[in-house]
Every structure is written in structure tokens, then in C-alpha cells.
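A.B. asks: what would the 3D arrangement of this be:
(one chain, ligands or ions: 1)
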Amino acid sequence: MTTSPSPQVPEPGFRQSVDMMFNHAVALMDLPSGLKEKIRVCNATYTVRFGVRLRGQIQTFTGYRAIHSEHTEPVKGGIRYAMGVHQDEVEALAALMTYKCALVEAPFGGSKGGLRIDPRQYEEHELEAITRRFAYELIKRDLIHPSQNVPAPDMGTGEREMAWIADQYARIQTTDINARACVTGKPLNAGGIQGRVEATGRGVQYALREFFRHPDDMAEAGLTGTLDGKRIIVQGLGNVGYHAAKFLSEEDGARIVAVIEHDGGVIDPSGIDIESLRLWIAEHGGVRDYPHAQVVPDGAVLLEEPCDILVPAALEGVINLENAERIRAKLVIEAANGPVTAGADEVLRRRGILVIPDLYANAGGVTVSYFEWVKNLGHIRFGRMQRRQEEARHQLVVDELERIVSSMGNGMTLSEGFKTQYLRGAGELELVRSGLDDTMRTAYQSMSALWRRRADVPDLRTAAYIVAIGRVAESYRAKGL
Ligand SMILES: NC(=O)c1ccc[n+]([C@@H]2O[C@H](COP(=O)([O-])OP(=O)(O)OC[C@H]3O[C@@H](n4cnc5c(N)ncnc54)[C@H](O)[C@@H]3O)[C@@H](O)[C@H]2O)c1
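C.D. replies: This next block holds a predicted model:
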């Protein structure tokens, strides 16, 4: 492990970083400057403050819902529970949602929400009361609504919070037959879809598999072969990091050589057993004292260990101007949103370290959220065909889904993989995984092809932004502002 003094260079904030990445891309696009500005800005950010009586006194909470772009509605984006939540952060995350949805052709505009709270400080019944109150504030302003604004889980929230939100919506909007489609990431028994919990980590796996089918891109990173035996470091063993690490190690033969968590890191060059570590964290609240690998108190230094693939899957800004020169991965895949700052991005590029950008890498979550939303709106059950006569019914369902999707009038279609699997009578999980795989492969190909085709496009991130912004611009051209 190496250390060096921090350079005295100003680091842009998260929102400035996203703006800088956007600006790099639009500088290479032939779009009217007014339209560029319209696409860049966040349309609106709502701040709500509300009180909840807890432990005998009233506590006041602050929450946000940012709506970046309504070029397609509903707008979509997770709700984050963390102490660091603030307006700039939700606006940056909402902007990323706009570009992410456009890149993977999920028919949504971009939004994001957050509540400034440390969820670990509250009992479950307290969190339920706070979540229901926050949801109420958003519902009464149509900031949660099946056709207007559809949240999902993000850091600090999961199925449980989404179930409370869906239930709160149904209690208020008692006549809305589409109530279940007001939020995605719900538990199965509350209108969820199989494969949503794993979706973002699964998407990271599919993204890496597709990268390893592109020898020219691999050569840029100095990588050869397949995922088998590759050394991977993961930061954050939460929803995204855990599933990515689990699938990559169990199904692709990759070796997870280090894991970084909020209270430290663990390192073992021969490979870490992800299930055992996950269990330890669940029981002990962190990695400290984990007995089966070396534990390092300052986990962040493990970002700088040599590896083939670095998977930041926790916070934004963790690879920045302070440590970018010391990163020794060949490839960084941004499973989290915004883990590499705009300044660090340039340093990594200069040093030949390839970055697979967040707007693509973690798009698995919103992709499967789209399947869940369509399932809820269609009031159907995806599932295995029982009898021959059900074939005709399956075709009817596909036709109906196509009608729903095309009636949105944004040129979107159901993927061929999804339709084929559905007509074949595959189970819901197979359908979801095949649709996700299709989506991740197609999006990678569009991003990589543009990067290869245009000498002036410096990296995959800029290519991804150009593809995404081009689609948003096209939507404005077709429908007007
Ligand atoms: N959940 C999704 O479907 C989804 C979809 C797209 C993008 N993302 C992004 O992925 C990232 C992680 O989200 P998540 O849903 O997995 O959150 P999560 O809350 O499930 O997990 C986050 C993990 O990071 C750990 N962590 C917190 N601070 C840390 C630190 N300083 N160093 C190392 N680890 C730390 C936490 O202990 C936790 O295990 C976020 O950037 C989020 O926006 C999530």
C-alpha cells in the first residue's frame, strides 16, 4: 500500500462532476445550445420538511424529490436514506437517471429522492412511521404516482420501504386501479417482480460479461481472457455490491480479493467467501474482527491495491483527485452512482485505466423496475405456461404489453429476448434475467460502437452520454418541449 500527499486541486462536487461530464459530451454533439442547456438543467427540486412523534418527542426530517427531465413520463429514480443527502446530491442522481434510462431505453424521465436520516438509528416501527409520513408528503404533491413519478430503492432503502410506500399510496388514492405501479422494488407479495432485488448487481455482471466479449475494449484496459480468475475489489457489500460480488465469484470464476465496508476492509489474495462475509456483517454490523481474512481498519486504502477490476458500489466521489494517481486497477466499473469524480476520470484515462460508467453499469435496477412497472400496469402474472392452450393467451399478453408500451408514443418496444422467452413459457425470473441481459448487451454495444467509430470521443463515458443525450434530444424534437 502506498501513500502520497494530497494535491491541492479543487475537487468539483457531485452535481458539478455530472455537469462536467455532460458538457464534455455535448461539446461533441451538433445540438442547438439552448436545447443542450434545457437537457442539462434539473427541472424542479421539492424539499419537504415534516415532523414525526418518536420516543415522546417530535423529530423534524428533511426530504427531497428532484425531477431532472420530464421528456418522458413517468419520471423514475430511487429514494435514498442517508445523513449526507442534500439538494445537489439528489439533483446529480436525478440527472444520471435521465441519461441512464435513455441509454437502456427504459421509457422514463429522470428523478431521485432522498431523506436525511441515518436508518441505523431507528427501530423498524419508527422507520415505518417516518417512511409513511415522507411518502404522504410526496403523494399529495403527485411526486409518487404511477403515471407521474415512480420511486425505487437506493442506498439505505429496500423492499420493505417500497412496500410501505405502495401501501401508503393505496390508502390515499383508493380508486387508482394502477396503485401498485406507483413504486418499484416491492416485495413479490406486494406486486414486485422476481429478480428485482438482485437486478443492479446482476446488471453489473452482465455488463462485465459483455465487456469481455469486446477484445478491442479489453485491450485498452490491458485485459485478456475471460472473467475467470480475475482479481476483483468491491467497495460496499450492500444490495448492489453483494449481488455483483456473489454472481461474479460463484458463476464467472472471478476472485474477490478485497471488500471495503463502512467500518474497514478485508483482504485475501486467494479470494473471499462472499456469503460468509455477508453473514458476518449482518450479525456484527460491519467487517471488524472478521476471522477469515486480514482486516484493515481504514478500508479506503484497499481501493489502491492492485487488481484487475475495481467495483465501487457504495458512495459517490470515492475515487477523486486525492487518490486517482494511486489506483492500480486495470478496469473500474461504476456500480455506484458517481464514484469517480470528473477530475479523477481524467487522471484514470491518462493512466490507461478504463472506466465503465455508472449510467450504464448500474442500469440493471431501473431496467427490471421497468419490467415490474409494466407487470403492474398490465395486471398480469408472468410465469410458466401450464397447458398448450395457454400459448394463445401468452401471445395475447405479449400483444397487450406491446400495445401498452407503444401507446406511450416514445418509440420504445419490448425486447425480442423478452418476447421470445415469454412465448416459450419461461418463468418470471428467466424472463427478467433474459430481458436484462438483452438490455445490458445492447446498451454496451451502442456505447462501445460509438467510442470505436469516433476518434474525437475519448472514452466509454463520453460515448454513453452522447448516446443518451441524443435520445433525449430526439424525444424533444419529436414531441416539442
Ligand atoms: N439499489 C439499486 O437498485 C441501485 C440501482 C442503481 C444504482 N445504485 C447505486 O449503488 C450504490 C449502492 O446502493 P445500494 O442500493 O447497494 O445501497 P445499500 O445501502 O444496499 O449498500 C451500500 C453499502 O455500502 C456500505 N458503505 C457505506 N458507507 C461506506 C463507506 N464509506 N465505504 C465502504 N462502504 C460503505 C454500506 O455499509 C452498505 O453495505 C449507490 O450509489 C446507489 O445509488 C443502486
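A.B. asks: phi and psi next, for Arg65.
C.D. replies: Backbone geometry at Arg65, expressed as degrees, to the nearest 10, gives phi -140, psi 110.
A.B. asks: now the strands for the stretch 351-481 of the chain?
C.D. replies: In order along the chain, the stretch 351-481 of the chain carries the following strands (DSSP state E, counting those that start in this stretch): 354-356.
A.B. asks: so where is it shaky, pLDDT-wise?
C.D. replies: Within the stretch 351-481 of the chain, the set of residues satisfying pLDDT under 70 comprises 383-391, 409-411, 421, 423-426.
A.B. asks: need the residues of it near the ligand, please.
C.D. replies: Among all residues of the stretch 351-481 of the chain, those adjacent to the ligand (criterion: C-beta under 6 Å from any ligand atom) are 362, 365. (Each C-beta comes from the backbone N, C-alpha and C, glycine too.)
A.B. asks: closest point of the stretch 351-481 of the chain to the ligand, which residue?
C.D. replies: Scanning the stretch 351-481 of the chain for the residue nearest the ligand gives Gly365, at 3.1 Å (criterion: C-beta to the nearest ligand atom).
A.B. asks: now that residue. Nearest residue, chain neighbours left out?
C.D. replies: In space, Gly365 comes closest to Thr200 once its chain neighbours are excluded; the distance is 3.8 Å by C-beta to C-beta, 6 or more residues apart in numbering.
A.B. asks: that neighbour belongs to a strand?
C.D. replies: No. Assigned with DSSP: H, G, I helix; E, B strand; the rest coil, Thr200 falls outside any strand and is helix.
A.B. asks: burial count for it?
C.D. replies: Using other C-beta atoms under 10 Å as the criterion, Thr200 is surrounded by 30 other residues.
A.B. asks: thinking it is in contact with Asn239, fair?
C.D. replies: Yes. Thr200 is in contact with Asn239 according to C-beta atoms under 8 Å; the separation is 6.7 Å.
A.B. asks: and the gap between the closest residue to Gly13 other than its chain neighbours and the ligand?
C.D. replies: In space, and not counting its chain neighbours, Gly13 is closest to Asp88: 5.8 Å by C-beta to C-beta, 6+ apart. Noted for Asp88: a distance of 15 Å to the ligand, by C-beta to the nearest ligand atom, to the nearest Å.
A.B. asks: how about His71?
C.D. replies: Here His71 is placed at a distance of 20 Å from the ligand (C-beta to the nearest ligand atom).
A.B. asks: contact partners of stretch 300-307?
C.D. replies: With C-beta atoms under 8 Å, 6 or more residues apart in numbering as the test, stretch 300-307 has contacts from 1-3, 231-233, 235, 257-258, 260, 265, 267, 296, 310, 312, 318-319, 323, 326-330.
A.B. asks: mind listing what's buried in that stretch?
C.D. replies: Along stretch 300-307, these residues count as buried under the neighbour rule (16 or more other C-beta atoms under 10 Å): 301-305, 307.
A.B. asks: what's the span of it, first residue to last?
C.D. replies: The stretch stretch 300-307 measures 15 Å between its terminal residues, going by C-alpha to C-alpha, to the nearest Å.
A.B. asks: cool, and stretch 307-322?
C.D. replies: Looking at stretch 307-322, the gap from its leading to its trailing residue is 19 Å under the measure C-alpha to C-alpha.
A.B. asks: near the ligand, anything from that stretch?
C.D. replies: Yes. Counting by C-beta under 6 Å from any ligand atom, the ligand has neighbours in stretch 307-322: 313-315.
A.B. asks: got it, and stretch 191-208?
C.D. replies: Yes. Counting by C-beta under 6 Å from any ligand atom, the ligand is contacted by stretch 191-208 at Thr200.
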